[in-house]
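In: Fold the following, please.
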Amino acid sequence: MAEKIMAGVTVQVNDEGYLEDPSQWTKEIAMEIANDLNIALTDKHFEVLDFLRAKYKAGTTLTIRMVGNSGIVDIKELYKLFPAGPLKFSSKIAGIPKPTSCV
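Out: Residues are numbered from 1 along each chain as shown. Take a look at the predicted model:
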């Protein structure tokens, strides 16, 4: 675990850069993480991020299929929004742990 300053706030991150404490997440932190991943966030990105955060908080196991069936985006759109790793990077930007289904 390491400390990192993101959007002017000191946060704890793991060795892969995921927030250790999801309650530290802000939209400004999300934008900084996304910028590091070369992703420019739009309102649609934030809809997905809010969905992921809500499902994580509810204890739901996250999958690409679940996001694709959310009514927010389909799987193809999810890949367009987060091209390098849809669930892996959307979770990272959402400030939640990497899903177990991601490598």
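
In: can you pull the contacts of the closest residue in space to residue 81 that isn't next to it in sequence?
Out: Leaving aside its sequence neighbours, residue 81 sits nearest to residue 45 (Cβ to Cβ, 6 or more residues apart in numbering; 5.6 Å). For the C-beta atoms, the positions are set from N, CA and C on the backbone; glycine is no exception. Residue 45 is in contact with 34, 39, 81-82, 90, 93, counting by Cβ atoms under 8 Å, 6 or more residues apart in numbering.

In: Let's see that with 10 Å instead.
Out: The contact partners of residue 45, by Cβ atoms under 10 Å, 6 or more residues apart in numbering, come to 30-31, 34, 39, 73, 81-82, 90, 93-94.

In: confidence score at it?
Out: pLDDT for residue 45: 97.

In: swap in residue 9?
Out: The model's pLDDT for residue 9 equals 91.

In: Who does it form a beta bridge with?
Out: Note on residue 9: beta-bridge partners by DSSP bridges are residue 6.

In: There's contact between it and residue 21 in this structure, I believe.
Out: No - Residue 9 is beyond contact range of residue 21, at 11.1 Å (criterion: Cβ atoms under 10 Å).
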